[in-house]
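In: predicted model, plus sequence, below.
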Amino acid sequence: MTTLEIELKALMLASLDGNAASYRSLLDQLSRRLRAYYKTKFAALGRGTSEAEDLVQEAVLAIHIKRHTYDPREPLTPWVHAIARYKLIDFLRRNRASLADVPIDEADEVMADDDHTGAESTYDIRRLMERLPEGMQCSIQAVKLDGLSVAEAARRCGLSESGVKVNIHRGLKALAALIARETRT
């Protein structure tokens, strides 16, 4: 096991035991590595960093929601890599990009780099989402959490497709700001 794996797994185990400081540190470190991973993937596609940032936020949200599924007897980084990989595949499917354009490699690639641009973490996504306007809540819930297409989310939320996209983008930014504020306190 690498030093990074040992450190991240220790943070995960402490956070599963209720240590909030360890949880913030874990999500901060994972966010930086995921950001570097996605930026590299999007650079290969000629896409912008704002899309990479959205995917980082989605992956951190998924890690938060699925943390109870982590098996403490197993290494952490392959579990994180699986989540990151599926988020990337979902993004590519939603945006009709070819999967052949982006190599999806080994777990160590996700953990290889550390991008120090900000920190996204979360404690209770439902509580944070309640602080967003209803349209943003509905759009994020439908697309990012329930896995609906933008068209399906538009019908569910009673919005246009572009309205759903704008709500998701602005809502994820607002959630990241709320998370950042809470991790500083």
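Out: Here it is on my side, so go on. Here the structure is a predicted model, which is why all the values come from computation and not from measurement.

In: what's the weakest-modelled helix or strand in this structure?
Out: When the helices and strands of the chain are compared on mean pLDDT, DSSP states H and E, helix 107-112 comes out lowest with a mean of 47.

In: can I get the helix or strand where residue 164 lies as CSV, trimmed to CA atoms?
Out: Using DSSP states H and E, residue 164 sits within helix 161-184. Output of helix 161-184 as CSV, limited to C-alpha atoms (Å, rounded to 0.1, in the frame of the first residue of the first chain):
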residue,chain,number,x,y,z
GLU,A,161,-34.0,22.2,-20.8
SER,A,162,-31.7,25.3,-20.8
GLY,A,163,-33.3,26.3,-17.5
VAL,A,164,-32.4,22.9,-16.0
LYS,A,165,-28.8,23.2,-17.2
VAL,A,166,-28.5,26.8,-15.8
ASN,A,167,-30.0,25.7,-12.5
ILE,A,168,-27.6,22.8,-12.2
HIS,A,169,-24.6,24.9,-13.0
ARG,A,170,-25.5,27.7,-10.6
GLY,A,171,-26.8,25.3,-8.0
LEU,A,172,-23.6,23.3,-7.9
LYS,A,173,-21.6,26.5,-7.6
ALA,A,174,-23.9,27.6,-4.8
LEU,A,175,-23.5,24.2,-3.0
ALA,A,176,-19.7,24.5,-3.4
ALA,A,177,-19.8,27.9,-1.8
LEU,A,178,-22.0,26.7,1.1
ILE,A,179,-19.7,23.7,1.6
ALA,A,180,-16.6,25.9,1.6
ARG,A,181,-18.2,28.2,4.2
GLU,A,182,-19.1,25.3,6.5
THR,A,183,-15.6,23.7,6.3
ARG,A,184,-14.1,27.0,7.5
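
In: buried set for that helix?
Out: In terms of neighbour count (16 or more other Cβ atoms under 10 Å), helix 161-184 has its buried residues at 163-165, 167-172, 174-176, 178-179, 182-183. C-beta here means a position set from N, CA and C on the backbone, and glycine is covered the same way.

In: related to what we said a few turns ago, following element in sequence after the least confident helix or strand of the chain, please.
Out: Next along the chain after helix 107-112, taking DSSP H and E as the criterion, comes helix 125-129.

In: which neighbouring elements make contact with that following helix?
Out: Judged by 3 or more Cβ pairs under 8 Å, 6 or more residues apart in numbering; DSSP states H and E, the packing partners of helix 125-129 are helix 49-66, helix 161-184.

In: name the next helix or strand downstream of it, please.
Out: Sequence-wise, the next helix or strand downstream of helix 125-129 (DSSP H and E) is helix 134-140.

In: next, the buried residues of that next one.
Out: 135, 136, 137, 138, 139, 140.
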